[in-house]
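**Student:** Sequence first, then the predicted structure:
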Amino acid sequence: MPDSASNPKTSLPLTPAAFHIMLVLADRENHGYAIMREVAENTQGKMRLGPGSLYGTIKRMLADGWIEESDERPDPELDDERRRYYRLTGVGRKLVQAEAERLEQLVNIARGKKLLRNASSV
Amino acid sequence: MKSYPLTNSFSVSVRIYRALLVVYPKKFREHYETQMVQVFRDSFREAYHHNGISGVIDLWLHTFADLLITAVIERLMERSQYMFSPKVTLWGGVAGLFSGMLWMMTGLAPLSGAPTMVLALVLGLGGLVSLYSRQSGQGGKLGLAGFVLGLLGSGTAIVFLLYWSFTFGRLSPSTIRTDPELAAPGILLLALAMMTAGMGPALLGIASLRAKTLPRWQGLPLGLGLLNIIEGVILWFIYYVPMSQGRNPFDPWPPQGYIFHVVVLVLLGLGWMSLGLKLADEAVKVTQPPPASA
């Protein structure tokens, strides 16, 4: 079993692609193309995952037990049944939380040093 | 919004993309080809709808770069999976076991000379590969650094010993006795190569301790690496230092501190034998099918 199962912090920092995919899956399960679109939207187009980087990252996240395939279809009537849906596992959720906390700490440090343009007092 | 692109360019693009997927490893294609083509198809539609031909060109440029980079990554990862197979661990462990026997022989029968040492180093490479394979990539960058240094050090020592054998004859007390100053730089290189080679198992050992990848005997690789480094230091002090001063380290025989050299070589041999045996034994257990339940 991957070490991240017992201690998520050993897998930090996450790769940007993995973190963004997990952020998309944090509130609902989704399929590849929708994940790709949402990542692009969330980053204002700065991160564009191609099919290779998307499924390469998904493959490794599945192997590490961070995400899993879901058999459920949000709307089977409208959906192409060839699509595969993915969702976060418990380990994956802990991991994305730990990564978000890690980034929050860094942002706080940057804020303390007045490095953020729109820094507001905390 | 443009009209729906049910044109030749759509179907040709999808066909070309599907054909290009051949650059990925077969297993990866089997799992993800349908999904990747589906994503490309959806992306094509969206790109055309929003930006027409320029959107399609942009999509192709981005997709092509993505394909080239990720195909290389997937192929490298596939190769590393072979590297981490129990068979590699098993046969590398067996090589390490024999390497240990030869190191002991080098210590107890010093006249066996360079051929025994070369063989011990070559088989030791197998042991190093087995140890790295056993870590299954969990040793991280430190493990990889150890593996590369181990290969580099052992490889340098092997090339040097072979070069020496072919150029000056056997690396033996008689060769060193004839012209200690000529032999000195060679011994220095060998000492440095042995120290570098020792960094391999040492760093792999530290990586194992950090990642807790090995069971109870996890301190063994670190100890082995340190012994290898000590062997390099001994070569330096017992042989290189007097030789660089024009003195013959074999006169009088045995040289001062020689007993330490023998002890280190014997311990090195015992260490490799134990590590090789453990690695091979574990790999056999992994490859054996589980007993049928009653």
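**Tutor:** Right, received. Where do you want to start? Residues are numbered from 1 along each chain as shown, chains lettered A, B, ... in the order given.
**Student:** and the gap between the residue in chain A that chain B sits nearest to and B:V72?
**Tutor:** Per C-beta to the nearest C-beta, A:G50 is where chain A lies closest to chain B, at 2.6 Å. Backbone N, C-alpha and C define where each C-beta goes, glycine included. Per C-beta to C-beta, to the nearest Å, A:G50 is found 13 Å from B:V72.
**Student:** again with A:K46
**Tutor:** Per C-beta to C-beta, A:K46 is found 23 Å from B:V72.
**Student:** Show the contacting residues for the residue of chain A closest to chain B.
**Tutor:** Going by C-beta atoms under 8 Å, 6 or more residues apart in numbering or on different chains, A:G50 touches B:H62, B:T63, B:A65, B:D66, B:L67, B:T70.
**Student:** again, only this time at 10 Å
**Tutor:** Listed by C-beta atoms under 10 Å, 6 or more residues apart in numbering or on different chains, the contact partners of A:G50 are A:36, A:56, B:36, B:39-40, B:43, B:59, B:62-67, B:69-70.
**Student:** Also B:L21?
**Tutor:** B:L21 sits next to A:P51, A:G52, B:F28, B:R29, B:Y32, B:E33, B:M36, B:V37, B:F40, B:L67, B:A71 when contact means C-beta under 10 Å, 6+ apart.
**Student:** which non-adjacent residue is nearest the spatially most central residue of chain A?
**Tutor:** Nearest to the mean C-alpha position of chain A, by C-alpha atoms, centre = their mean, lies A:M22 at 1.7 Å. Closest residue in space to A:M22, ignoring its immediate chain neighbours: A:V96 at 4.1 Å, by C-beta to C-beta, 6 or more residues apart in numbering or on different chains.
**Student:** and the strand or helix carrying that neighbour, what's its mean pLDDT?
**Tutor:** Using DSSP states H and E, A:V96 falls within helix A:90-112. For helix A:90-112, mean pLDDT is 93.
**Student:** chain center to that helix, what's the gap?
**Tutor:** Its chain's C-alpha centre and that of helix A:90-112 lie 12 Å apart, by C-alpha atoms, centre = their mean, to the nearest Å.
**Student:** again with stretch B:58-73
**Tutor:** Relative to its chain's centre, stretch B:58-73 lies at 30 Å (C-alpha atoms, centre = their mean).
**Student:** buried ones in it?
**Tutor:** Under the neighbour-count criterion of 16 or more other C-beta atoms under 10 Å in any protein chain shown, stretch B:58-73 has B:L59, B:W60, B:T63, B:D66, B:L67, B:T70, B:A71 buried.
**Student:** Next, find the distance separating the nearest residue to B:W91 once chain neighbours are set aside from chain A.
**Tutor:** Nearest non-adjacent residue to B:W91, counting by C-beta to C-beta, 6+ apart: B:G126, 6.8 Å away. Per C-beta to the nearest C-beta, to the nearest Å, B:G126 is found 27 Å from chain A.
**Student:** cool, B:E231 as well?
**Tutor:** Distance, B:E231 to chain A, by C-beta to the nearest C-beta: 34 Å.
**Student:** Hmm, B:H261 and that residue touching each other?
**Tutor:** Yes. Counting by C-beta atoms under 10 Å, B:E231 does reach B:H261; the two are 7.7 Å apart.
**Student:** ok, those two, which is more surrounded?
**Tutor:** The neighbour count for B:E231 versus B:H261, taken as other C-beta atoms under 10 Å in any protein chain shown, is higher for B:E231 (25 against 21).
**Student:** need the strands for chain A, in chain order.
**Tutor:** Assigned strands in chain A, in chain order: A:30-31, A:67-70, A:85-88 (criterion: DSSP state E).
**Student:** And those strands: which comes nearest B:K212?
**Tutor:** B:K212 lies closest, by C-beta to C-beta, to one member of the strands of chain A: strand A:67-70, at 24.8 Å.
**Student:** Mind checking the pLDDT average for that closest one?
**Tutor:** 92.
**Student:** Noted, bye for now.
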